[in-house]
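Undergrad: everything below, folded, please.
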Amino acid sequence: MTSLICTLQDHRDDVNWCAFSGKMLATCSGDKTLRIYSTRDFSELPFSPLTGHGYSVHCCCFSTCGQFLVSCSTDATVVVWSMDTGDIEAVLEHPGRSPVRIFALSHDSAHLVSGASDGTLALWDFPSKQLCKTGAVTDATMVACSFSPCSQVFVTGSTYGDLRLWNLDMKQLHAEKNAHDMGVTCCAFAPSILSDGQFVQLRLASCGQDNHVKIWVINKHISGAYKMQLLHTLTGQSAPVLSCAYSSDGQLLVSGSVDKTVTVYDAMNAILLYTLTQHERYVTACAFSLTSPLIATGSMDKTVNIWRLEDGCRSHGGKLSPEWSTPTSREGRTPAARSKLLVSNWLEEDVSSWLVEEGLEQLVGKFTANNIDGTELLSLTKETLASELHIELTSRTEQSTETCFIYCNERQCLCAILLKRPHNKMKPTVPLRSYHVFVFFYTWLYIVL
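TA: Now for the predicted structure:
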């Protein structure tokens with residue numbers, strides 16, 4: 001069951017995109033602005049709206065720790081904003097000055113890829129804001145892009161209807177021709193990775209002008225061969241589907257359509273759960289909260305609706321934020337209580353308590369200042385530790401063979417997050433992260449100290 005908890009009516013033109021961080025919601029619009037809200041009560045932050053683009057703002061996204069917000073526009077730029085002050089940190093001008101229709105930021109905040117109306121792609125080093133490589137497709141406008149959860153590959157979608165898989169060398173690894181008749185409109189990777197030692201499997205959702213949402217499986221064999229297969233076709237909407245997004249645990253998928261509806265699916269079983277009908281015009285944007293059972297949807301009616309999944313703790317699988325759940329001590333849960341939860345369900349206080357228990361109390365201040373909860377803790381990488389939390393790692397990175405490792409060699413493996421143990425059946429690696437965080441992440445921080 002779902003309920004509409006509030007409607008935001010601050011934009012003066014079509015709402016083009018919605019994005020959540022742990023504590024904020026960002027929206028962007030054809031009115032050239034971005035607006036930033038607190039997810040505690042959906043009040044607008046003092047430095048909102050953000051004004052710096054000269055034309056319509058098409059897309060926005062937070063960096064992993066929520067320190068930066070990135071946006072792109074018809075004015076041919078990608079702008080990086082500080083979420084401490086609302087000031088512009090950097091302006092990236094797309095090569096050729098073609099309108100930038102879409103971009104994606106890697107989960108480790110190391111790379112950003114932008115796509116333009118002329119079919120060109122630009123890959124940027126995000127910490128330095130320097131252009132790395134360019135690429136292009138012919139006779140098509142780039143309108144969709146998503147990085148894999150391992151941040152080593154990304155998928156683009158175009159008005160021609162193709163989905164293309166690329167690596168960080170801007171080499172095209174696979175092309176799925178005519179994935180959507182009359183054009184792709186959006187795509188999003190699921191957050192989980194599966195592996196059995198011989199191949200790695202990712203899931204991707206895409207939607208398009210053919211009225212469909214499709215779920216794809218992307219396999220990479222250890223030999224280096226890629227294969228993309230259609231797993232499900234979801235037909236819950238009667239007009240072109242303009243946006244889609246996964247929940248943070250990959251269990252749910254939301255989509256918005258020209259038929260003015262929002263649909264929520266059980267992504268694992270391809271079952272329609274809810275159809276929401278409060279928007280008066282096309283639904284152009286949708287996003288799941290990272291920390292609460294909430295969905296934001298944006299529309300050409302100039303509004304953003306905030307929906308609550310009433311049975312969010314069961315169907316969403318994610319944690320409830322303090323304002324939607326049973327209060328917890330500001331010191332965090334006890335170790336015994338915390339051990340019963342997935343790390344993704346930890347509150348900020350739980351992360352702080354864990355750091356103290358592990359002898360890392362020196363880092364509590366930095367983690368608290370950046371609002372690091374369990375979900376964001378799992379997404380931290382060497383790059384985000386250095387660029388956003390200013391924790392520098394030394395070159396001594398040896399780890400015991402009994403501990404876990406991350407293996408991201410493009411030539412042999414797409415991205416496997418594995419434990420060094422015999423492989424029996426294919427197992428999802430994301431649930432293992434509750435163990436990873438105690439071994440891999442602690443090893444990183446131990447090196448620093």
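
Undergrad: which SSE is Leu385 in?
TA: Using DSSP states H and E, Leu385 sits within helix 382-387.

Undergrad: show me what the strand or helix carrying Ser206 is packed against.
TA: Element membership of Ser206 [criterion: DSSP H and E] is strand 199-208. Under the contact definition 3 or more C-beta pairs under 8 Å, 6 or more residues apart in numbering; DSSP states H and E, strand 199-208 sits against strand 153-158, strand 184-189, strand 194-195, strand 213-221, strand 241-246. In this view, the C-beta of every residue, glycine as well, is placed from N, C-alpha and C.

Undergrad: lowest-confidence stretch among the ones you listed?
TA: Among the helices and strands packed on strand 199-208, strand 194-195 has the lowest mean pLDDT, at a mean of 84.

Undergrad: so what are the sheet partners of that strand and their directions?
TA: strand 199-208 (antiparallel), strand 427-428 (antiparallel) (DSSP bridges).

Undergrad: stretch 292-309: how far from the chain's middle?
TA: For stretch 292-309, the separation from the chain centroid amounts to 17 Å (computed by C-alpha atoms, centre = their mean, to the nearest Å).

Undergrad: got the end-to-end distance for that stretch?
TA: 9 Å (C-alpha to C-alpha, to the nearest Å).

Undergrad: so what's Glu348 up against?
TA: Phe367, Thr368, Asn371, Ile372, Asp373 (C-beta atoms under 8 Å, 6 or more residues apart in numbering).

Undergrad: kindly write the ChimeraX command that selects the buried subset of those residues.
TA: Paste this into ChimeraX to select the buried members of those, with burial taken from 16 or more other C-beta atoms under 10 Å:
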select :367,371,372,373
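
Undergrad: can you pick out the most distant pair from the contacts of Glu348?
TA: Based on C-beta to C-beta, the longest span within the contacts of Glu348 runs between Thr368 and Asp373 and measures 10.5 Å.

Undergrad: among the strands paired with strand 194-195, which is the most enclosed?
TA: strand 199-208 (a mean of 24; mean count of other C-beta atoms under 10 Å).

Undergrad: that strand - what's its average pLDDT?
TA: Strand 199-208 comes out at a mean pLDDT of 95.

Undergrad: out of the strands paired with strand 194-195, nearest to Pro293?
TA: Per C-beta to C-beta, nearest to Pro293 of the strands paired with strand 194-195: strand 199-208, 19.4 Å.

Undergrad: return the closest one as PDB; C-alpha atoms alone will do.
TA: The C-alpha coordinates for strand 199-208 follow below in PDB (Å, rounded to 0.1, in the frame of the first residue of the first chain):
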ATOM      1  CA  PHE A 199      31.100 -15.300 -15.000                       C
ATOM      2  CA  VAL A 200      29.700 -12.100 -13.400                       C
ATOM      3  CA  GLN A 201      26.100 -11.100 -13.900                       C
ATOM      4  CA  LEU A 202      24.500  -7.600 -13.700                       C
ATOM      5  CA  ARG A 203      20.900  -6.600 -14.200                       C
ATOM      6  CA  LEU A 204      19.800  -3.500 -16.100                       C
ATOM      7  CA  ALA A 205      16.300  -1.900 -16.400                       C
ATOM      8  CA  SER A 206      15.500   0.200 -19.400                       C
ATOM      9  CA  CYS A 207      12.400   1.900 -20.700                       C
ATOM     10  CA  GLY A 208      11.300   3.500 -24.000                       C
END
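
Undergrad: next one: it to chain centre, how far?
TA: The answer for strand 199-208 is 14 Å, by C-alpha atoms, centre = their mean.

Undergrad: now the strands paired with strand 194-195 in a markdown table, with distance to Val184?
TA: A markdown table is the format used below for the strands paired with strand 194-195 (distance: least, C-beta to C-beta, whole Å):
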| stretch | distance to Val184 |
| --- | --- |
| strand 199-208 | 5 |
| strand 427-428 | 27 |
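
Undergrad: and Ala270, which of those is closest to it?
TA: So among the strands paired with strand 194-195, strand 199-208 is nearest, using C-beta to C-beta, at 10.7 Å.

Undergrad: just want the angle from that closest one to strand 153-158.
TA: Angle of strand 199-208 versus strand 153-158, following axes from the mean of the first three to the mean of the last three C-alpha atoms, to 10 degrees, is 20 degrees.

Undergrad: circling back to that earlier point, redo the helices and strands packed on strand 199-208 as a markdown table? Include mean neighbour count and distance to Ser289.
TA: Formatted as a markdown table, those follow (neighbours: other C-beta atoms under 10 Å; distance: least, C-beta to C-beta, whole Å):
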| stretch | mean neighbour count | distance to Ser289 |
| --- | --- | --- |
| strand 153-158 | 26 | 23 |
| strand 184-189 | 26 | 15 |
| strand 194-195 | 20 | 25 |
| strand 213-221 | 21 | 20 |
| strand 241-246 | 26 | 11 |
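
Undergrad: any regions of this structure where pLDDT drops low?
TA: Applying pLDDT under 70 to the chain picks out residues 311-345, 379, 381-383, 392-449.

Undergrad: residue nearest the centroid of it?
TA: His107 (6.9 Å; C-alpha atoms, centre = their mean).

Undergrad: Lys214 reaches His180, doesn't it?
TA: Yes. Contact criterion C-beta atoms under 8 Å: Lys214 and His180 qualify, at 7.2 Å.

Undergrad: which neighbours do those two have in common?
TA: Here Lys214 and His180 have Ser206, Cys207, Gly208 as joint contacts, going by C-beta under 8 Å, 6+ apart.

Undergrad: which among the residues you listed gets closest to Asp14?
TA: Cys207 (17.7 Å).

Undergrad: quick check: the closest one touching Met182?
TA: No. Shown here, Cys207 and Met182 do not form a contact pair, counting by C-beta under 8 Å, at 11.9 Å.

Undergrad: Thr64 versus the nearest residue to Gln130 once chain neighbours are set aside, what's the distance?
TA: Nearest residue to Gln130, sequence neighbours excluded (C-beta to C-beta, 6 or more residues apart in numbering): Trp124, at 6.7 Å. Trp124 is 16 Å from Thr64, where distance means C-beta to C-beta, to the nearest Å.

Undergrad: show me where the chain has helices.
TA: Taking DSSP state H to define them, one finds helices in the chain at 312-315, 335-338, 348-357, 364-369, 374-379, 382-387, 433-436, 442-448.

Undergrad: near Leu25, how many other residues are there?
TA: Neighbour count for Leu25, taken as other C-beta atoms under 10 Å: 24.

Undergrad: thanks a lot, catch you later.
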